[in-house]
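*Asks:* could you work out the structure for the sequence below:
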Amino acid sequence: MQTKAKLAPWCAKHFASEGIRAAQDVIDAMIDRVGFSMTALSCEMQKLCAYLHANHRDMASRDDVASVCCSTDIAGDFAVSNAVRERDISALTRVYTILKNKKTEAMTLFFQISAAINELWRVKQGLADGYSKEDLMRMLGIKEYPMKLAMQGCAKYPLDTLTRLTALCAETDLLLKSTPVDGYILVERILCAMSARYESQLTVKENLR
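*Replies:* Modelled structure (predicted):
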């Protein structure tokens, strides 16, 4: 995960590219509210810039950040999909824990996570099969910016990993609907399987066979 010191200049450049001025305290407030996910920050900054342009303004304030941008704690499935795309297990675990503590059903959490994983797999597999970005946008019904995010996200996962995760999601879906096993345990198993550390351990085991 990036630090605030590294994210702040990146945020400033993003605002500048949109013709928006943002003081350091505004950028700090943005990071504190949205979190350290570059994908989430990019989305929230685009939303904020669009809001300012619509109101014929070129300077962001802390009040704008509080009014327009979603916080990590309330970002819901948006934060879940961002964390899945970035393969940011700590962020995903944090959001998952928040939603679980708010009594969000395990099935709902599963659908949010599996939908993001399946989208990444479809894009990754499509690229591997030789389809262009434009082909995939048309075939999968994904618009330009979401496709850009999906392509950035699937680059963080080997195709084999996404294939394993989609298979695990299919298995989890069946278990959630047909067994008395605690649903949260089944969802947390997916979180563990998503980590790069798990993948490296799995690869070592396979090489020893």
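
*Asks:* any idea how far T163 is from the closest residue to D182 other than its chain neighbours?
*Replies:* Nearest residue to D182 in three dimensions, chain neighbours excluded: A106, at 7.7 Å (C-beta to C-beta, 6 or more residues apart in numbering). Where you see a C-beta, it was placed from the backbone N, CA and C, and this is true even at glycine. Distance of A106 to T163, computed by C-beta to C-beta, to the nearest Å: 24 Å.

*Asks:* please apply the same query to T39.
*Replies:* 23 Å.

*Asks:* of these two, who's got more company?
*Replies:* T39 (20 against 14; other C-beta atoms under 10 Å).

*Asks:* roughly how far does that one sit from A193?
*Replies:* Going from T39 to A193 by C-beta to C-beta gives 21 Å.

*Asks:* go through stretch 20-38 and flag the buried ones.
*Replies:* 20, 22, 26-31, 33-38 (16 or more other C-beta atoms under 10 Å).

*Asks:* and of those residues, the nearest to L168?
*Replies:* Using C-beta to C-beta, S37 is the member of the buried residues of stretch 20-38 that sits closest to L168, with 23.2 Å.

*Asks:* and the closest residue to R62 other than its chain neighbours, what element?
*Replies:* Leaving aside its sequence neighbours, R62 sits nearest to A29 (C-beta to C-beta, 6+ apart; 4.7 Å). Using DSSP states H and E, A29 maps to helix 24-34.
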